[in-house]
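K.L.:
sequence first, predicted coordinates after that:
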2 protein chains.
Amino acid sequence: MASRTARAEQVSATRELILTAAERLFAERGVNAVSNRQVSEAAGQGNNTAVGYHFGTKADLVRAIVRKHATRIEEIRARLLAGIGDSSDVRDWVDCLVRPIPKHLGALGGPTWYARFCAQVVTDPALHEILVEESLASPTLRQIIDGLTRCLPELPPEVRAERAEMARHLIVHMPAERERAIAENRATPRANWDDAAGGLADALVGLWLAPISSRS
Amino acid sequence: MASRTARAEQVSATRELILTAAERLFAERGVNAVSNRQVSEAAGQGNNTAVGYHFGTKADLVRAIVRKHATRIEEIRARLLAGIGDSSDVRDWVDCLVRPIPKHLGALGGPTWYARFCAQVVTDPALHEILVEESLASPTLRQIIDGLTRCLPELPPEVRAERAEMARHLIVHMPAERERAIAENRATPRANWDDAAGGLADALVGLWLAPISSRS
DNA sequence: CAGTAAGTCAAGCGCCTGCCTTAAATCTGG
DNA sequence: CCAGATTTAAGGCAGGCGCTTGACTTACTG
């Protein structure tokens, strides 16, 4: 109906404006350093309470931003997963784990903020769980973790947990670091997002396959 | 003089109280989520402006907290560095890089907050540089980085930079993660700080020695 | 033993925040 | 075409913030 289009499109345009402004401000200054008012103003809304009206609390806004990107990332991840079948090569599974976010950022083109935004959110004690929930909601992600685990049967469970934690951190923070370098016109080790993902995947393969020493 | 002791001791006790309270609050809630007023109150100072009086801005307070721990960490690092001479084993240098912070936390005993505090600070866009400056001020740290570089002569400079970034993130965030797990009574992969450092060192050796693939 | 400087406390200022209320503009469904 | 609902705008409110000021206590100095 023309009705739904006209009005609803205006509304979702406003929501989009708020999401984009918030993502950017949160990425650049940190979530807690930005007030809902500032987000509303940056989104061009004369209304003080635009954020509250459309999203509720700041945590709800953060969740909405995450969901906005989740669909695309999930698509990329599913495509990569389908491509490797039931490989027993660690590298294949690490690729599936690492590449979705950089690929998504590359597809957005131009300057991006989402990686830095995620780095802020995972580090905030009050917001951390939101990202964990939203991420673990992805069945393909679980499949990939399982597949990787199957490639490393002799790794003790505690060491696996430990290294999974390391991988998680790097997958979030390294793209954020690259994003920041680009935003500040600093040199980056890699020319594009795909190469950056490749470098990260190389390192993670080494990390997963690292021998376990007997030192203290 | 008894004079200096009496008064100056009271003062430095107050400063210490503020530093400890701030470190704890910042670690638990995030730097930006805590006001200077809250820090003053948590330190038992009736005065609103105790933080401002003794330290100045919040950035100055953060720097003071970092310096408070830096001496001890530097001692540990120097001792480890002296112990390995001019080894050409990557593992030796990685140990020097990884162990100081966990060792320091272990030596403090009981619950700690410094690792989470550091994780908060490095992630804050406005505070990040403070920690970098203070860290790079350590000559032993530079020596260790040089030593490690010497062990990896055939690694392309960009890849080295990339992996150094990864190592930095893990060295800061993994202890923070362990600290948080302890604070929340969750299980940790390792029983003590030394073992945790060992696990991290294992992984970092693998990361540094990882082969460079030719994939995209 | 004053005089001075340093540290602490208490109160007040303007600013910004989140939240609430009201009003105008806009679109929807009958 | 018009009531009614939704969205945007605008302003007010209490509360918390950083910062300043001034009084009070304490300890060093000549």
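P.N.:
Looks like it arrived, so ask away.

K.L.:
going forward, measure contacts between C-alpha atoms and count neighbours the same way
P.N.:
Noted.

K.L.:
which secondary element of chain A has the worst mean pLDDT?
P.N.:
helix A:2-29 (a mean of 80; mean pLDDT, DSSP states H and E).

K.L.:
skip ahead from that helix and say which helix or strand is next.
P.N.:
Following helix A:2-29 in sequence order, the next helix or strand is helix A:36-42 (DSSP states H and E).

K.L.:
can you name the next helix or strand after that following helix?
P.N.:
Next along the chain after helix A:36-42, taking DSSP H and E as the criterion, comes helix A:50-54.

K.L.:
please see if that next one touches DNA strand C.
P.N.:
Yes - for helix A:50-54, a contact with DNA strand C is found by Cα under 7 Å from any atom of the strand, at residue A:52.

K.L.:
so where is chain A shaky, pLDDT-wise?
P.N.:
For chain A, the stretches with pLDDT under 70 are A:1-9, A:216.

K.L.:
tell me where it has helices.
P.N.:
Taking DSSP state H as the test, the helices found in chain A are A:2-29, A:36-42, A:50-54, A:58-84, A:90-98, A:100-108, A:114-123, A:128-136, A:139-151, A:157-183, A:193-209.

K.L.:
so which of those gets nearest residue B:19?
P.N.:
For those, the distance to residue B:19 is smallest for helix A:114-123, at 21.4 Å, taking Cα to Cα.

K.L.:
and residue A:134, how far from DNA strand C?
P.N.:
Separation of residue A:134 from DNA strand C (Cα to the nearest atom of the strand, to the nearest Å) stands at 23 Å.

K.L.:
and for that residue, the neighbour number?
P.N.:
By other Cα atoms under 10 Å in any protein chain shown, 13 other residues sit near residue A:134.

K.L.:
same question for the one 4 residues further on.
P.N.:
For residue A:138, the number of neighbouring residues by other Cα under 10 Å comes to 15.

K.L.:
around DNA strand D, pick out the residues from chain A.
P.N.:
Contact residues (Cα under 7 Å from any atom of the strand) of chain A with DNA strand D: A:8, A:10-11, A:14, A:44-50, A:53-54.

K.L.:
name the member of these with the most neighbours.
P.N.:
Neighbour tally across those (other Cα under 10 Å): the maximum, 21 neighbours, falls on residue A:50.

K.L.:
can you give me the neighbour number for the closest residue to residue A:129 other than its chain neighbours?
P.N.:
Distances taken as Cα to Cα, 6 or more residues apart in numbering or on different chains place residue A:122 nearest to residue A:129, at 7.7 Å, with adjacent residues excluded. Residue A:122: 19 surrounding residues under other Cα under 10 Å.

K.L.:
from residue A:136, how far off is residue A:122?
P.N.:
To residue A:136, residue A:122 is 14 Å away according to Cα to Cα, to the nearest Å.

K.L.:
what do you get for residue A:179?
P.N.:
Applying Cα to Cα, the value for residue A:179 to residue A:136 is 24 Å.

K.L.:
these two: which is more packed in?
P.N.:
residue A:179 (23 against 11).

K.L.:
quick one on the thing from earlier: now render the helices of chain A as a markdown table, adding distance to residue B:208.
P.N.:
Shown next, in a markdown table, are the helices of chain A (distance: least, Cα to Cα, whole Å):
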| stretch | distance to residue B:208 |
| --- | --- |
| helix A:2-29 | 29 |
| helix A:36-42 | 41 |
| helix A:50-54 | 45 |
| helix A:58-84 | 26 |
| helix A:90-98 | 16 |
| helix A:100-108 | 22 |
| helix A:114-123 | 23 |
| helix A:128-136 | 28 |
| helix A:139-151 | 21 |
| helix A:157-183 | 14 |
| helix A:193-209 | 7 |
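
K.L.:
who wins for proximity to residue B:114 among these?
P.N.:
Across those, closest to residue B:114 is helix A:114-123 (Cα to Cα), at 14.5 Å.

K.L.:
circling back to that earlier point, surely the residue nearest to residue A:129 touches residue A:133?
P.N.:
No - using Cα atoms under 8 Å as the test, residue A:122 is too far from residue A:133 to be in contact (11.3 Å).

K.L.:
tell me how far stretch A:36-43 lies from the chain's centre.
P.N.:
Distance of stretch A:36-43 from its chain centroid, counting by Cα atoms, centre = their mean, to the nearest Å, is 23 Å.
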